[in-house]
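J.: Just a sequence and a predicted model for now, questions to come.
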Amino acid sequence: MAANEGHTEVVRVLYACVEDHNTMEKITRMTDVSGDTALHKAVRSQHLDVVKLLVKEDSEFEFLPNHVQEKPLYLAAESGFHDALINILESYKKPAYAVGPSNRTPLHAAVIHEHKDCIRSLWRWNKPLCEEPNVWDWNYCTMLLN
């Protein structure tokens, strides 16, 4: 709830109360009934300070997709939340992009919604993303041509 509402200090206090690293990981990785983690919520609600805090606290975790196959990176690309996208890309050792809804990558989502900053950043981060087809067998290049 704190991540969804952008209450950075509440998130910070919750982390401060946890001394055991394993317990902190459990808190960061908990999901709601939709499969969303706190990071999913912070990205969706566009709370950059919370995103930064959550990413910093668990940079080893490869966030799983929620029940509709969205990862936080995908949500950032889809919504054009470029600052969160950059923070996720820079903070995680191996930010898994995996495929999202309809077999789309974060790059597909950014192109569909014409988020040019996100497109450029994803392209620089992982050029092979442009070759990944979606469920209709379109890749980044065919999407730009249509």
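T.: Cool, the structure landed. Here the structure is a predicted model, which means the values were calculated and not measured. Numbers count the residues shown, from 1 in each chain.

J.: Let's see the pLDDT reported for the residue lying closest to Val68 once chain neighbours are set aside.
T.: Spatial nearest neighbour of Val68, excluding adjacent residues (C-beta to C-beta, 6 or more residues apart in numbering): Pro101 at 5.7 Å. In this view, the C-beta of every residue, glycine as well, is placed from N, C-alpha and C. For Pro101, the model assigns a pLDDT of 86.

J.: same thing with His113?
T.: 93.

J.: Tell me how far it lies from Val68.
T.: 16 Å (C-beta to C-beta, to the nearest Å).

J.: cool, Leu53 as well?
T.: Distance check for Leu53 against Val68: by C-beta to C-beta, it reads 25 Å.

J.: quick one, helices of this structure?
T.: 2-5, 8-17, 21-29, 38-44, 48-57, 72-79, 82-91, 106-112, 116-125, 140-145 (DSSP state H).

J.: How far does the fourth one sit from its chain's centre?
T.: Think helix 38-44. Relative to the chain's own centre, helix 38-44 is displaced by 8 Å; criterion: C-alpha atoms, centre = their mean, to the nearest Å.

J.: Could I have the CA atoms of it written out in PDB?
T.: These are the backbone C-alpha positions of helix 38-44, laid out as PDB (Å, rounded to 0.1, in the frame of the first residue of the first chain):
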ATOM      1  CA  ALA A  38       5.600  -3.300  -4.400                       C
ATOM      2  CA  LEU A  39       7.800  -2.300  -7.400                       C
ATOM      3  CA  HIS A  40       5.000  -3.100  -9.800                       C
ATOM      4  CA  LYS A  41       2.700  -0.800  -7.700                       C
ATOM      5  CA  ALA A  42       5.300   2.000  -7.500                       C
ATOM      6  CA  VAL A  43       5.900   2.000 -11.300                       C
ATOM      7  CA  ARG A  44       2.200   1.800 -12.100                       C
END
